[in-house]
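Student: curious how this folds, go ahead:
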Amino acid sequence: MKEIPIVPLWRQPLARTLYKTHKKPESRYFQLATACESLGIANRTVVFRGFDESSRVLVITDTRTAKWSALKKDPKAAICWYFTDTREQYRLSGKATLVAHDSEEHNALLTRYWHDLSNAAKCQFLWGTPGERRDDGNSLRVSAETIPDLPPSHFCLLAIDINHADYLNLRGDPQQRIRYTLNRQKQWRAIDIIP
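Tutor: The predicted model follows:
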């Protein structure tokens, strides 16, 4: 019998916020910070692609990016997600697992996420190597007919296993803040704290 994972305490309020704001495109974007040798900390905006069965936060990425290289050296990652309409902020931190084309299971998973992308999003993976000098722009012109059915080898996922969460609701007087911590027995605890 397959064991059903317990949903972490922080996921319920986040799921509620995502549901309330699902018609707002900006609710799918959050900031992801990673350790970076040249900058110390690197921060970028990424697109939320859902949760897996273990409640890891999923993001698609390209193995040719600085983000991928940084996470291979130091898998610590921090997320800051602000929802303007509800005035709620979620700060999550944990360890990123890099999901590459290294097994049949991963290949199937990556193919599923590839098929879920729009053609415009798929084209971004076919432009060339991120961060390299841009030529006359011809490499950025990819036609839909040339998009492969299977994802390119540099198309991958980040699965961020959250081990700390902090929720802040700026509405109300007083405002509400909850810190979610994970103990050694892998149980979540919620603590109301002063905002």
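
Student: where does this protein have low pLDDT?
Tutor: Under the criterion pLDDT under 70, the flagged ranges of the chain are 1-5, 136-140.

Student: quick one: what helix or strand has the most centrally placed residue in the chain in it?
Tutor: Among the residues of the chain, the smallest C-alpha distance to the mean C-alpha position (Cα atoms, centre = their mean) belongs to residue 59, namely 3.6 Å. Secondary structure assignment for residue 59, by DSSP states H and E: strand 57-62.

Student: beta partners of the closest residue to residue 97 other than its chain neighbours?
Tutor: With Cβ to Cβ, 6 or more residues apart in numbering as the measure, residue 159 is the residue that lies nearest to residue 97, at 4.6 Å, once sequence neighbours are left out. (C-beta placed from N, C-alpha, C; glycine too.) Taking DSSP bridges, one obtains residue 58, residue 97 as the residues bridged to residue 159.

Student: test my guess that residue 159 contacts residue 94.
Tutor: No: with contact defined as Cβ atoms under 8 Å, residue 159 does not count as touching residue 94 (9.8 Å).

Student: so what touches the top helix by length along the chain?
Tutor: Under DSSP state H, the helix in the chain containing the largest number of residues is helix 104-116. By Cβ atoms under 8 Å, 6 or more residues apart in numbering, the residues outside helix 104-116 that reach it are 49, 58, 60, 99-101, 122, 150-151, 155-157.

Student: and the next element down the chain from that helix?
Tutor: Using DSSP H and E, the helix or strand that follows helix 104-116 towards the C-terminus is helix 119-124.

Student: which of the residues in that following helix are buried?
Tutor: Counting neighbours by 16 or more other Cβ atoms under 10 Å, one finds that the buried residues in helix 119-124 are 122-123.

Student: before we move on, back to that, between the contacts of helix 104-116, which is nearest residue 143?
Tutor: residue 122 (11.4 Å; Cβ to Cβ).

Student: correct me if wrong: that closest one contacts residue 147.
Tutor: Yes: with contact defined as Cβ under 8 Å, residue 122 reaches residue 147; the gap is 5.0 Å.

Student: returning to that earlier point: relative to residue 189, which of the contacts of helix 104-116 is nearest.
Tutor: Of all the contacts of helix 104-116, residue 189 sits closest to residue 58, with 24.7 Å by Cβ to Cβ.

Student: number of residues surrounding the closest one?
Tutor: 17 (other Cβ atoms under 10 Å).

Student: relative to residue 175, how far out is it?
Tutor: As defined by Cβ to Cβ, to the nearest Å, residue 58 lies at a distance of 30 Å from residue 175.
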